[in-house]
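> here are the coordinates; sequence isn't available:
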């Protein structure tokens, strides 16, 4: 026990002795004053001794405290100097005032006092901006976490190399699944004998196996045209860096065929649930097929990336799928109370024509059906003027508010000419019913109506009107269209194919032939598509400001002070594409709703869909668009930046 504590213990006994002497002295003085005087003298002696003991106690206590403080200071200095993490104290000017030995060791200098904090730790720059906790920096092959305490002006430096390495290894070794599918095997092999088919399959299979060995993938064949891939995230990252070169390799080795072989690849990772991962990889493959094939889609957590897509969709030569979809749609119509049909916002002739075709299908089975139309824009004004001549047909057009009032859980909502929930005429209708059908010919984008019970998307088709026309031929044994219905459907095909000049196949002409047999008036369509002189002059004014980019791309921007319709922007892009030497055209203008509209067209050598997707839009390989916020100058700058990125990443102009 320390000496000063012993003295304190004696001091406490002296106090009690004084109390006892005082009591005895009082008692003795009552009987004999001499004894009381002796007791008083004894008490004085004890009190004096107690005072001396207290002084000795305080002196020893001070010595103990000083000794202990010195020991604690030495111990703290030693501990701080040997802490397994760094401490840096800096001033308001971000200059280092003090640091411990850990910091000196990782920097490789005995002292960095007086130097700028940002010079030693550049990752904390720029000055004046607070960094979030957990900023990482690599020094000498080690990874350190920097934790700033702005109020105290203290920086903590922690070595997290082992944790970082373990985390990285864990992430890299996570499971990744993929599916490789020959998306046009039947079309390519049609007309081949067994020997030719076997030789072609041998080439493609060999290329796929070499690719799998190169990147360390476990490949298992599921069917004649489908493979399962099992790998990890590290290998998947390498595949993304290679931009899935297998797509180009397979297309090149089969280029001599009448139709080159193309692949569709779907990959998924980012979750530990194998069942969920299986659904994600199938969804990725469906998106690749829905976008026309010849591309890879990678779903990694919330990120979805697209690679390839350098060739246009190949027309399917069989109508089996059309017949199956037609019968499924027929059954859904029979089971529903009523039907609500809607296209996209700012509808065009393809959207309205397809809606009229679906309306006809509902009428064939006596189902109550209506078409949602928010307003008439210039692109459909003349078509609507033609339809107004039929009062019964015009009564089937309703506003979004009216549609919401008559939509229930057993209503069938049919979405035509779009598959994006944000693009439909009234998104709230999708929440009002549990039965949704999607009929579209656009390449599938990342946004999609996921809860649809029936989806018919064929990117090879010229238009949604073509798909609906085929469905009508299978949905009922005896289909009879009147002149206006047939003309509306044919008008949609005519507009989307630019009078049968682009994206046409044999099935396009077969659909047009069926509509002509049912009374479609092609002369009336030509009158509907005529331009007035004022619009033509405005279009010429836009084209006059066109500039060339990379000698093969035309970019034209309308006057920022004038508003132009989306139809005029699209027509200007079509006109530019007809110029000699132009492979793609982009026209930018301010729409009446204040958004900046961008229309993109190509002759098939450049995929304008991927360009518009980078700008928040979408569309087809040769026909796409986007609507963005901002100014025309900002949109033009963003477009050129996207073109530069795609040129570096995918060789857009090759």
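All right, it came through fine. The shown structure was predicted, so the numbers you read here are calculated from the model rather than taken from an experiment.

> Which is the succeeding secondary structure element to the helix or strand harbouring residue 485?
Using DSSP states H and E, residue 485 sits in helix 483-496. Per DSSP H and E, helix 483-496 leads on to helix 506-517 as the next helix or strand towards the C-terminus.

> Show residues contacting that next one.
Residues outside helix 506-517 that contact it (C-beta atoms under 8 Å, 6 or more residues apart in numbering) are 315-317, 319, 461-462, 465-466, 469-470, 473, 481, 486-487, 489-490, 493, 497, 500, 520, 522. The C-beta positions use only the backbone N, C-alpha and C, and glycine is treated the same way.

> redo that, cut-off 7 Å
Defining contact as C-beta atoms under 7 Å, 6 or more residues apart in numbering, one finds that helix 506-517 is touched by 315, 462, 466, 469, 470, 473, 486, 489, 490, 493, 497.

> With pLDDT, distance to residue 113 and neighbour count as extra columns, can I get those in a markdown table?
Shown next, in a markdown table, are the contacts of helix 506-517 (pLDDT from 0 to 100; distance: C-beta to C-beta, whole Å; neighbours: other C-beta atoms under 10 Å):
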| residue | pLDDT | distance to residue 113 | neighbour count |
| --- | --- | --- | --- |
| 315 | 54 | 74 | 19 |
| 462 | 87 | 74 | 29 |
| 466 | 94 | 77 | 33 |
| 469 | 95 | 81 | 31 |
| 470 | 92 | 80 | 24 |
| 473 | 91 | 85 | 16 |
| 486 | 94 | 87 | 24 |
| 489 | 95 | 81 | 32 |
| 490 | 95 | 83 | 28 |
| 493 | 94 | 78 | 29 |
| 497 | 87 | 75 | 22 |
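
> These: which two are farthest apart?
315 and 486 (22.7 Å; C-beta to C-beta).

> re earlier: okay, buried residues for the helix holding residue 485 please.
By neighbour count on 16 or more other C-beta atoms under 10 Å, the buried set for helix 483-496 is 484-496.

> Run the chain-centre distance for it.
36 Å (C-alpha atoms, centre = their mean, to the nearest Å).

> helices and strands around that helix, which ones?
helix 349-364, helix 381-387, helix 464-475, helix 506-517, helix 522-528 (3 or more C-beta pairs under 7 Å, 6 or more residues apart in numbering; DSSP states H and E).

> Including distance to residue 102, could those helices go into CSV?
Formatted as CSV, those follow (distance: least, C-beta to C-beta, whole Å):
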stretch, distance to residue 102
helix 349-364, 67
helix 381-387, 75
helix 464-475, 67
helix 506-517, 73
helix 522-528, 79
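
> Those: which one's closest to residue 573?
helix 349-364 (16.5 Å).

> what angle separates that closest one from helix 506-517?
60 degrees (axes from the mean of the first three to the mean of the last three C-alpha atoms, to 10 degrees).

> Tell me which residues are up against the helix or strand following helix 349-364.
Using DSSP H and E, the next helix or strand after helix 349-364 towards the C-terminus is strand 369-372. With contacts defined as C-beta under 7 Å, 6+ apart, strand 369-372 is touched by 338-342, 355, 359, 362-363, 396-398, 400, 403, 425-426.

> what mean pLDDT would you report for strand 369-372?
For strand 369-372, mean pLDDT is 95.

> Buried residues of it, list them for me.
Buried, per 16+ other C-beta under 10 Å, within strand 369-372: 369, 370, 371, 372.

> Check the gap between the third one and residue 380 for me.
In this view, residue 371 and residue 380 are 12 Å apart by C-beta to C-beta, to the nearest Å.

> do the same with the last one
Using C-beta to C-beta, we find residue 372 at a distance of 14 Å from residue 380.

> Please enumerate the shared neighbours of these two.
If you check residue 372 and residue 380 against C-beta under 7 Å, 6+ apart, no residue is contacted by both.

> Give me the contacts around the host helix or strand of residue 163.
Counting by DSSP H and E, the element that carries residue 163 is helix 161-172. For helix 161-172, contacts defined as C-beta under 7 Å, 6+ apart pick out 142, 143, 232, 233, 234.
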